Structures are given as structure tokens and as C-alpha cells.
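Enquirer: I need the structure of the sequence given here:
(2 chains)
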There are 2 protein chains.
Amino acid sequence: MNNFTYHNPVRIRFGKGAVASLAEELPADATILMVYGGGSIKKNGVYDRVMAVAKDRIAGEFGGIEPNPLYETCMKAVDAVGTAGANFLLAVGGGSVLDATKFIAAASKFDGGDPWRILSEGAEVASALPFGTILTLPATGSEMNGNSVISRRSTNEKLAFGSPRVLPVFSILDPETTYTLPPRQVTNGIVDAFVHVMEQYLTYPVGGYLQDRQAEAILLTLIDRAKAVKNDPNDYDTRAAIMWCATLALNGLIGCGVPGDWTTHAVGHELTALYGVDHAQSLAIVLPGVMRHQRDRKREKLLQYGERVWGIRATDEARRIDEAIARTEEFFRDTGCDTRLSDYGIPESAGRIVAERLEKRGVKSLGEHSAITPSHVAEILKLRA
Amino acid sequence: MNNFTYHNPVRIRFGKGAVASLAEELPADATILMVYGGGSIKKNGVYDRVMAVAKDRIAGEFGGIEPNPLYETCMKAVDAVGTAGANFLLAVGGGSVLDATKFIAAASKFDGGDPWRILSEGAEVASALPFGTILTLPATGSEMNGNSVISRRSTNEKLAFGSPRVLPVFSILDPETTYTLPPRQVTNGIVDAFVHVMEQYLTYPVGGYLQDRQAEAILLTLIDRAKAVKNDPNDYDTRAAIMWCATLALNGLIGCGVPGDWTTHAVGHELTALYGVDHAQSLAIVLPGVMRHQRDRKREKLLQYGERVWGIRATDEARRIDEAIARTEEFFRDTGCDTRLSDYGIPESAGRIVAERLEKRGVKSLGEHSAITPSHVAEILKLRA
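Expert: Numbers count the residues shown, from 1 in each chain, chains lettered A, B, ... in the order given. The predicted structure is shown next:
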């Protein structure tokens, strides 16, 4: 097992009616800018519930954060922070709203020039506005980590940053707020969480015996509950399990002391930036390609994954690996997410174009062995035509 | 799933050589009282490693914390805090040293009369000295929670308290410091962690799908590594897995949103207070009795436990439950821990005496249904003669 530091002070309030706990969670001196997305929170009642307990504290509202939130939009929100005189942000929505709020929190306090440098150059986030979140879409895990992904329209880029200074002070999760999500967003959330686990699990063995089983615990629960939520979308315990899975898939815990391979996310971000596919769709396209292309390097974990998660026990190793990859792709499709570039009308040239973009940004290699070069990425995407 | 709040801000530094990270973790203004046990840290080199990085900051030392730490000893340490002018405590040792330090931290700031009231009456811990820990014995999970168990010699009592104010600021865990532990302490740690998981798992289903699998992940890892550590006591990854299992068994995570049954601990504490058996030994005696006595109420979870943890798939339910209980007891014995009252020379009258003590303290019932009365406790211990 590798050495690690783990520190996650986010306070979680989870359950039916949890939005009401906002009153207890807000700091006494908070003057709030509330940040949200396209307005679904006004239809599902969450907006009203927030207002019921925090109306007097909310000095301003900033709606209209888009999926794959834009730098351009966030910078308008930074202005709104100033106009409202806000000293605390409240993100209400899904991962995009939360990620945007993290960037707004950091950009509002950034004194190193254009805040885009936080994303493009990894400029340090020396301070940030404190913020809390009310999550309405389980998927990204953003509610319990310090990561954020922001896109820039002018350059068609999608880049990530992370800092302990953008950990939420609190996150409120009420599974009942997810009942009204469109099926595509439920699917996307399950796929996103599943791939988050895989990127921390499917590498090579380092004796992370407990971490492996914890990762498998989330995968098994997601597989099981993906079926259940289709059969009964209003089953509370199923919605709650999916929501808690998505949080624990990326709160740092299962990644403690083990290597990670974030190739699928890195390549997926390019596909989203270039072709507009949903984040989860991009992951469902790329992951089976990474598994196939890296089957030798990931051999031991592929076999373990096949056996423990899918119950695959054939004698022939190559067949077991084939089946593990096939079952993964099948799971994405059964859950409602297509897995091929052609399913989304993305041209075969995508591989070459993505490889060139990565090269241009100075990316030399990806993966747990730093062995996946941009030209390998082109090969991976060729497998996904 | 039940509603829950989860908040665990303890900073974990885990791995080889982690003691050196103490220099980074200590607050700049810390004047330290160092608290430790019987002196094993002087033999295994941990004391020297602490001194190497923190000598100038340590204003005083308090050694001699015993297993099942005594109120009487802790109160002497409270005097030592004053003598040293300490504003920060550093616990170096196992769960007993950590638990003692929590009580010392709370008692040093207690202004409600005799600090024993924190244990005997649940008096509020309004403030406490901050402290960090260096753990050398994986078992209790005290390094990542706000719980503590203290004994009082004058009254033969062993009582628990908990407060977020006695969460460690940081905990440092170096698996290599556990190589020199006597086998009995290694065994005890595995059994203690195993039972911590069982007390949060073996109740009744509430749709905690992920929590169940997370609990099973720890049980499976402990079972697997208990064998491995016998075969190769110096295997780093095995030691690391056992250490991390013990922490995650009782850091609050697997208990989120699910009921708990702490009967085994409550009864075990009485056996330790009365007959001096080790904490883990008391648990290994009591748990199989609780499983057998409560087999109807715990039916569904016993079947799930048998299948997922032990691979028991016989058709007859009663047989499957019998086997699940037998395998648990066998595991304790194989790991090196006896499981019967008679193994420890504890008389058959123990059941009656423990029941009377619980009644005298006003305990009406225990368990996830509040259905285990003191007279049931006597029946449970009768099963363990």
C-alpha cells in the first residue's frame, strides 16, 4: 500500500427533508449568493424549501449555470458576488453547479491575474470564499471533494483543478429531490460514479486489500441499484443508495494508498469539449477502450474485477478478461448509455484530433504507469468507432 | 435508509515513516503534554522518533496509562497538564492511551464539578484541549472518532462517552510500528475491529445497500489478513490493511443511516470490569451469544452475512444461520482468541451478576430494537459458559 494523507472535513446532512437542516448549517454571519442552474430547482420545490429557511440571508441569486459550466458564466457570477456583497456561496443543483461554485469561490479571491490561470497553469488557490451545497443530482461526487471541472467556450477547452480550499463546508443530500430527474440524468449519474470507482481501482495490485473491496462494494451496489431504479424510480432506498454511492465514489477514500488511472476522464473531457456529448456518455465510450488497450498492464485487476464484481470464473484468462470488458459495456448500455463514438455521430477522426489536442497542451502520457501516450489515445478511440 | 449526519474532520497521515509528519501536523503554538502507556514506545523506537521532530515542543510527559485506562490515572494526568502548562496533548500508543487522552482533554476543561460526571451522567463536554495521536496498535478505531471508554477502579465500572470535541486533530498511523506487537495484541485488534463492524451491521435490513457492502468489505479483509499476518507477521501490506480496517471499522462511515446493536460491547465492558479479561476477549465471548439468542430478530442479516462473508448457501435457513454463527466463533479461535467464559475461568454466575449490574445502573434494554433486557443478558451469557 502506498503512503497517503486523508482529510475530508465536509459535513454531510443526508436524508428525507434534509434541506431544512440548511438553517443549522449556515454560518451565523453568512451573506449569501445562491448559485443554481437552468431552473429545475424551481420546478422540484427545492428553491422554495431553501427560501423557506434562508430567505433573509440570501443577498443575491445567480442562475443559469450550464452543464459543463463555462468560465465565461462563472466570471459573471464573480461580479454578482461583488454586487451582492456576499461572503458565502450556496450551490443548489448538480455537479455542474457545484463545480462552478468552486471556481467562483476561488476566482473571487484570486489575486494572480486572470483566474483562468487556476485551470490552465495550475495557479495556486491561496484562498476562496466558503460555501455549502445542496445536491440534487448524484453523479460527480463534487459535494464531498475539492475538485472542479470548468470549460471555456472561446477555446473549446475543458480543464480541471483541485484544492482543499474549495471543499464545501457542508453538503445537504435529500434523495427525494432526485425523483424528478430525467432518466438520462439518472443514467449519467450512475455511469459517472461507476467510472470514478474504476479509475481508482483498475490499475495494478499494491496490497490495497481493503480499498479494493471498498471499490467493489460501490460497483456492486451501483450495478444492483441501476436495475432497481429502472423498475421502481420512486423507491427511496434505491435513490438513497445511488446518491451515497456517487458521493463515496469520489470523496478520496477509496483512492487512499492506491494508484489511479484518470485516462478515461482526460480523454472524455476532450470528447465533451469537441463534440458536446454528456460527461458520462464520454466516459462510457472511452473506458471499454482503455480496458481493452491496457489489458496486459491491468491484467491482475481485470481478473479480480471480473471475478468479484461479475462472478466470472472461466478457466481461460483471456476469455475472462474479454468477458469482464464486455459485461462493463453491457452494463452501461443496459443502464441507458450508449458506448460507441458512432452512437453519438462522432467521426472516426476523433482519435487523431484528441491526440493532437493533448499533445498541444503538453500532455506526454496518461495512466498509472504514465505509459499511455497521445498516440495510444488515438488507438484507444479507434477501438471505440 | 435512515437519515444521518456525517462529519469526520480527523486528518490521517498513513504509511511508512509517517511519524516524521508530526512536525507538519503540530500547531505552531502547541505546548505539548505527551501521553503514553507502559513504555513499549521506548522499545519500538517510536518515542525516539517523536523526540527527533518534536522535542522542543514537548513541555511534559505522562506515561503509565494502563490497558482499560483508569479515571484515577487520567486525573493525575490532568494535574500534569497544569504543571506543564500544556495547551495540546499528544497521545502515543494504542486505543487505551488514545481514550485516556480524550478524557484528559475533556476533564482539563470541565467546569461542571467532578469530571467523572462526563461518564456517569453524560455531562456535556463543552470544550476540550486539542490533541493529536500516533497510533501503534490497530484495534479500537479511537484514532478517527470521538469515543472513549474509561474505567474506575474504586467502583469497578467501565463507561463510555463520546463528543465531537474529542475528535483528534490528526492521527498518524505507521503500520511498521505494529511489527513488534505481541501476538495477543494483534489478535485482540483484529477481533475488536471485526466486532465493531458486526455491531453496526448485524441488525435488520433498512435498505443500506452500500453500507452493508462496505461493512462486508472490512469483514472479508480482516478474515483474509488475519490468516496472512499469522503466516508472515512482517508483511507490510497485511499490517497496513489490518490497521486501516480497524480505523474504518469505527470512524462512523459504515454506521451512516443504519441501526446499530452495541449489546456485545455493553456486556463485554462488564466482563472486563468484573473479571479482567481483555476487551477483545470479552467481545469474542459475548458476540456468538448475542447472535444465537437474537437469531430470529437478526434472521435476514444473519443469512446475508453467512452468504456474502462466509459463502454459506445451504438450502435450510436454520442450518445456514447455525453455520454463520459457528464460522464466526471459529474465526475468533483460529485468530487466537478464546470464546467461552470457562476458557477464562469466569464462573457461570457471571450472567446473573452482569444482569444485576446493568439493572442497578438503570439499563432497561439494549439492542437495535431495545428488546434485550438485563435478564436476556443473563440468558446470553448462559449460552457462553
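Enquirer: Outline the domain layout of chain A.
Expert: When chain A is parsed with automatic domain parsing, its domains come out as A:11-177, A:183-382.
Enquirer: got those as TSV, with mean neighbour count, distance to chain B and mean pLDDT columns?
Expert: The way it works is simple: take the backbone N, C-alpha and C, and place the C-beta from them, glycine included. Formatted as TSV, those follow (neighbours: other CB atoms under 10 Å in any protein chain shown; distance: least, CB to the nearest CB, whole Å; pLDDT from 0 to 100):
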stretch	mean neighbour count	distance to chain B	mean pLDDT
domain A:11-177	20	3	96
domain A:183-382	20	3	97
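Enquirer: Take those domains and write them to a markdown table, including distance to B:His269.
Expert: Output for the domains of chain A, formatted as a markdown table (distance: least, CB to CB, whole Å):
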| stretch | distance to B:His269 |
| --- | --- |
| domain A:11-177 | 30 |
| domain A:183-382 | 27 |
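Enquirer: and of the ones you listed, who's closest to B:Phe170?
Expert: Nearest to B:Phe170 among these is domain A:11-177; the distance by CB to CB comes to 14.1 Å.
Enquirer: Do me a favour and get the end-to-end distance for that closest one?
Expert: One end of domain A:11-177 to the other measures 19 Å (CA to CA, to the nearest Å).
Enquirer: repeat for stretch A:144-161
Expert: With CA to CA, one end of stretch A:144-161 sits 15 Å from the other.
Enquirer: ditto for stretch A:258-269
Expert: End-to-end distance for stretch A:258-269, by CA to CA: 23 Å.
Enquirer: got it, and stretch A:82-98?
Expert: Using CA to CA, the two ends of stretch A:82-98 sit 19 Å apart.
Enquirer: same thing with stretch A:289-308?
Expert: First residue to last in stretch A:289-308 (CA to CA) measures 21 Å.
Enquirer: do stretch A:291-308 as well
Expert: Distance between the two ends of stretch A:291-308: 17 Å, counting by CA to CA.
Enquirer: who touches it?
Expert: Here stretch A:291-308 makes contact (CB atoms under 8 Å, 6 or more residues apart in numbering or on different chains) with A:201-205, A:212-213, A:216, A:219, A:261, A:312-313, A:317, A:320-321, A:323-325, A:327-328, A:367-369, A:371-372, A:376, A:379-380, A:383.
Enquirer: Can you dump the C-alpha atoms of the longest helix along chain A in CSV for me?
Expert: Scanning chain A for the longest helix, with DSSP state H as the assignment, gives helix A:209-231. C-alpha atoms of helix A:209-231 as CSV (Å, rounded to 0.1, in the frame of the first residue of the first chain):
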residue,chain,number,x,y,z
TYR,A,209,-6.8,-5.1,0.2
LEU,A,210,-9.5,-3.0,1.9
GLN,A,211,-9.5,-0.3,-0.7
ASP,A,212,-10.2,-2.9,-3.4
ARG,A,213,-13.1,-4.3,-1.5
GLN,A,214,-14.5,-0.9,-0.8
ALA,A,215,-14.3,-0.1,-4.5
GLU,A,216,-16.0,-3.3,-5.4
ALA,A,217,-18.7,-2.6,-2.7
ILE,A,218,-19.6,0.6,-4.6
LEU,A,219,-19.5,-1.1,-8.0
LEU,A,220,-21.8,-4.0,-6.8
THR,A,221,-24.2,-1.6,-5.3
LEU,A,222,-24.4,0.6,-8.4
ILE,A,223,-25.0,-2.5,-10.6
ASP,A,224,-27.7,-3.7,-8.4
ARG,A,225,-29.4,-0.4,-7.9
ALA,A,226,-29.2,0.6,-11.6
LYS,A,227,-31.7,-2.2,-12.3
ALA,A,228,-33.8,-1.3,-9.3
VAL,A,229,-34.2,2.3,-10.1
LYS,A,230,-35.5,1.4,-13.6
ASN,A,231,-38.1,-0.9,-12.1
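Enquirer: quick one: A:Leu159 is in a strand?
Expert: Yes - per DSSP: H, G, I helix; E, B strand; the rest coil, A:Leu159 lies within a strand segment.
Enquirer: so is the nearest residue to A:Gln211 once chain neighbours are set aside in a helix, a strand, or just coil?
Expert: Leaving out its chain neighbours, the residue that sits closest to A:Gln211 by CB to CB, 6 or more residues apart in numbering or on different chains is A:Val258, at 5.0 Å. Using three-state DSSP, the structure places A:Val258 in coil.
Enquirer: ok, now A:Glu61?
Expert: Three-state call for A:Glu61 (three-state DSSP): strand.
Enquirer: doesn't A:Leu33 make contact with it?
Expert: Yes - here A:Glu61 reaches A:Leu33: they are 7.3 Å apart, a contact under CB atoms under 8 Å.
Enquirer: hang on, the earlier thing: list the contacts for the residue nearest to A:Gln211?
Expert: By CB under 8 Å, 6+ apart, the contact list for A:Val258 reads A:Met1, A:Asn2, A:Gln200, A:Tyr201, A:Thr203, A:Val206, A:Gly208, A:Gln211, A:Asp212.
Enquirer: do A:Asp322 as well
Expert: Applying CB under 8 Å, 6+ apart, no residues contact A:Asp322.
Enquirer: Correct me if wrong: A:Leu119 contacts A:Lys158.
Expert: No - between A:Leu119 and A:Lys158 there is no contact under CB under 8 Å: 9.2 Å.
Enquirer: all strands in the stretch 151-300 of chain A, in order from the N-terminus.
Expert: A:157-162, A:170-173 (DSSP state E, counting those that start in this stretch).
Enquirer: Just the CA atoms of the last one, as PDB, please.
Expert: Taking C-alpha atoms only, strand A:170-173 is exported to PDB below (Å, rounded to 0.1, in the frame of the first residue of the first chain):
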ATOM      1  CA  PHE A 170     -21.400  21.300   4.300                       C
ATOM      2  CA  SER A 171     -23.400  19.400   1.700                       C
ATOM      3  CA  ILE A 172     -27.000  18.500   2.000                       C
ATOM      4  CA  LEU A 173     -28.300  15.500   0.200                       C
END
